[in-house]
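Chemist: Can you look at this prediction? I've put the sequence above it.
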Amino acid sequence: MKQIIIFLTLAVSLLGCSDDENLGESGLLPPNVEKNEIDDYIKATFTDPYNMVIDYKWPSNEVDNSKIILPIKYELVKPFCELLKNLWINPYVKHINDEFVKKYIPKQVILVGTPNYNADGTVTEGIAEGGRKITIFSINSLNFKDKNMVRKQFGTMHHEFAHILHQTINYDETYQQITPRNYTLSWYDFNHQQAWERGYVTPYSMESPDEDFVEMYAHMLILTDEEWNDMLSYPKTDVEAIKRKEAIVADYMLENWNIDVYELKKLIQKQLDEL
Amino acid sequence: MNYRRMMRQLYTLIIASLLLGACNSDSFEDAFDKTPNERIQENIDHYSKVLTEAQHGWKMAYYINDEAMGAFHFMMQFNKDNKVISQFELSDNNTTSTYSLRAEDEIALSFDTYTFFSVLADPGVEGGQGFGGEFEFYIHSACADSIVMIGKINRRKAVMYPATDFDWNDRFASIHKNQEFLKIQEQPSMEAGDYAIRKLLFNSGLKDSETVDFTYNANNRRVKVAHKDNSGKIHVFDRSVEFNNSGFKLHKSIEINDMSISEFTYNDDQKHFVANNELCVIDYEINGEALISTTAPLWEHTWKMTENWECSESLKPYIEESIKVLGEDNAGLFLFLHNNALITWSFRYRGISGSGDSWSDFFLRQLYVDELNNMCFLMPDNEDQRYDQNREKSRELYTNPKVREFIEILHDPKGWLFIELEYQNKYRLVSKSNSNHWMILENWDPSKN
């Protein structure tokens, strides 16, 4: 009897399958858009060599629709992409190689025009998700001629990229033990000096060990030597903690990714000087 | 397993197989002759064609929220390469951005890079909230005569109409002209001390005793129309305004004695707006009765009375006494407004400190003033010496019976009417308790002190 039941079950299952069945077209219709010169530029500069997509057209499904966030200005897309290439991708290509960039660079970069305001009054400048996507905000207010502003904006790119790296290979757990007591979700109640006193390079570093780690990496790259020394020479700075963190970040990058942070910094600063 | 139970399962399977066997892709007919995707794509192609084939593009009067703000005007030329060239009445330049038609819950027109629509949504404006504008709309219908859309978030209707060559070259200039005409204008027939109130004047249909105020607030592009009926009751209509080439229209009509009024045309010869029913005009009445305040100036503005001290004869003795106490060259009467409500009157006294002239405030009354002790609030001051001087002056003011009487008049329990004399710069304030009391306050620019 059991065999009959199995036979009938199979028969019923197979009845639904017809060898000439066509599953038809995808139910998802892409937006009805023509490629323009920016699309061609992105394809040639990012997609073909590095398998990256730069989404600059309003990605309504990719952003938090409960917030007031607006698209990037069309005329800023190419200048920003040029900065992406010169201050972010090219230094890694020169310092390591094409293959590294192709493998680890996030596959999707989303460009957003306005800041991402949070309910607590803070502003999110960038988001890295799942090792494959980075969203960058506030591009419309970026002054492309202001080197300091550009430098800080690209700190966000290095910050988010570092998340992707440590999400791929985790960093030394001793990092979390250097200043374990001051991690707080109310990091925005502290100013820079108060963060330095507690052994963090920025207030946002105090949010969690991961944020601390990537803030340290980004600031090792984007702060000028003068700014870095200002931080260390502030009388109350916890120099020892910051230097221990710096050493762990530098070792981690070198051992796991073959990145000499100090050499990479020189390449980035050189590009900044040429702006 | 017993035999009956086994047979029941067997029958169930046979019936199920028969039922499922009936489901064969060849055995049903489509309700439509095209697939859903084909039908959606057809609509997208149609909308794209309508958008791009309008010879001179499209124009739109866009209401972010018709209950709160008048319309803003846009021009748009949609190109086949998904670029859109736009004009906005508040900008001198055209801008190029991109757009797309997307199949979502409905078909959406998305201005997918920052454009003039985005300006009205930008969180950088209005303290992180923006004005609430949208840059994505669901298309409800599209033909050569109009494209009807609904905002994706707030679901408000937005309609585009075909533009003309004139629209691209002259529409905004005409709109700007009409916007200026609707702001308060000084009247040539006025003499010193006169004031003009904008009224809706009827040439028939209403009795002489009936009167209608017509005030316009350029900040939110709305008008306030107040109608006093035969019984003396005042009816107020708040309406958003949409300017056009010839004049303006109200977002919703107003009804006065069964007469519906919604649109006005500017008559350049007569220098006034004429209603499209030609039964009334918007014109000035010199020294007439004001029924309602014009929308009071914004809170960040401070209004001052110094130097000329223009006021009614009834108020002169009070003001003269106050000036005497404060010192002729050092006195000022100020009014601070918050959110259109009278909050604070203050006397200001200009003291001399080491760093030069500076003003100190004697707030006559604030919400947190200790009225039982008749204490006035003194502005914090770093210099002890001046603080002492001010305290003395404060005591002098508050012990003067005439000044105390004046303070009571200033705090008229019924409030004051604001009559705009000079656009956003000069107001006549008339006491609601006693219309004999009036004074003129000017906009005070703190940077000029």
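Modeler: Looks like it came in fine.
Chemist: end to end, how far does stretch B:256-270 reach?
Modeler: By CA to CA, to the nearest Å, the extent of stretch B:256-270 from end to end equals 24 Å.
Chemist: Can you list the low-confidence ranges for the stretch 101-250 of chain A?
Modeler: A:131 (pLDDT under 70).
Chemist: Flag every residue of it that's near chain B.
Modeler: A:113-115, A:117, A:140-141 (CB under 8 Å from any CB of the partner chain). C-beta: built from backbone N, CA, C; applies to glycine.
Chemist: I'd like those residues as a markdown table, with secondary structure and distance to A:M220 appended.
Modeler: Shown next, in a markdown table, are those (DSSP: H, G, I helix; E, B strand; the rest coil; distance: CB to CB, whole Å):
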| residue | secondary structure | distance to A:M220 |
| --- | --- | --- |
| A:G113 | coil | 29 |
| A:T114 | coil | 29 |
| A:P115 | coil | 25 |
| A:Y117 | strand | 28 |
| A:N140 | helix | 28 |
| A:S141 | helix | 26 |
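Chemist: So among the residues you listed, which ones count as buried?
Modeler: A:113-115, A:117, A:140 (16 or more other CB atoms under 10 Å in any protein chain shown).
Chemist: Can you pick out the most distant pair from those?
Modeler: A:Y117 and A:N140 (14.0 Å; CB to CB).
Chemist: Okay, strands next: where are they in the stretch 101-250 of chain B?
Modeler: Using DSSP state E, counting those that start in this stretch, the strands assigned to the stretch 101-250 of chain B run over residues B:107-110, B:136-142, B:147-151, B:157-162, B:196-202, B:211-217, B:222-228, B:234-243, B:247-256.
Chemist: Please disregard the earlier target; I meant the stretch 251-400 of chain B.
Modeler: Counting by DSSP E, counting those that start in this stretch, the strands of the stretch 251-400 of chain B are B:259-267, B:272-275, B:280-286, B:302-305, B:331-338, B:341-353, B:356-365, B:377-378.
Chemist: for chain A, what spans make up the strands?
Modeler: A:53-55, A:108-111, A:116-117, A:123-124, A:126-129, A:133-136 (DSSP state E).
Chemist: Of all the ones you listed, which one is nearest B:Y11?
Modeler: Of all the strands of chain A, strand A:126-129 comes closest under CB to CB, at 53.2 Å.
Chemist: Quick check: B:R428 touching B:I440?
Modeler: Yes - between B:R428 and B:I440 there is a contact under CB atoms under 8 Å: 5.4 Å.
Chemist: Look at the two and report which has more neighbours.
Modeler: B:R428 (25 against 20; other CB atoms under 10 Å in any protein chain shown).
Chemist: That one: which element?
Modeler: strand B:426-431 (DSSP states H and E).
Chemist: quick one: average confidence on that strand?
Modeler: The average pLDDT within strand B:426-431 is 85.
Chemist: which residues are contacting it?
Modeler: Under the contact criterion CB atoms under 8 Å, 6 or more residues apart in numbering or on different chains, strand B:426-431 has outside partners B:195, B:290, B:294, B:297, B:303, B:335, B:409, B:412, B:414, B:416-421, B:437-443.
Chemist: Let me see the contact set for B:K177.
Modeler: Contacts of B:K177 (CB under 8 Å, 6+ apart): B:Y266.
Chemist: From B:Q185, how far off is it?
Modeler: From B:K177 across to B:Q185, the span is 13 Å (CB to CB, to the nearest Å).
Chemist: Likewise for B:A173?
Modeler: B:A173 sits 19 Å away from B:Q185, going by CB to CB.
Chemist: what do you get for B:L201?
Modeler: B:L201 sits 16 Å away from B:Q185, going by CB to CB.
Chemist: do A:H159 as well
Modeler: 57 Å.
Chemist: Looking at these two, which is more packed in?
Modeler: Each of A:H159 and B:Q185 has its neighbours counted (other CB under 10 Å); A:H159 has more, 25 against 14.
Chemist: Nearest spatial neighbour of the more buried one, chain-adjacent residues omitted?
Modeler: A:A218 (4.0 Å; CB to CB, 6 or more residues apart in numbering or on different chains).
Chemist: which residues sit in contact with that neighbour?
Modeler: A:155-156, A:158-159, A:162.
Chemist: Of those residues, which belong to helices?
Modeler: Per DSSP state H, helices hold the following members of the contacts of A:A218: A:155-156, A:158-159, A:162.
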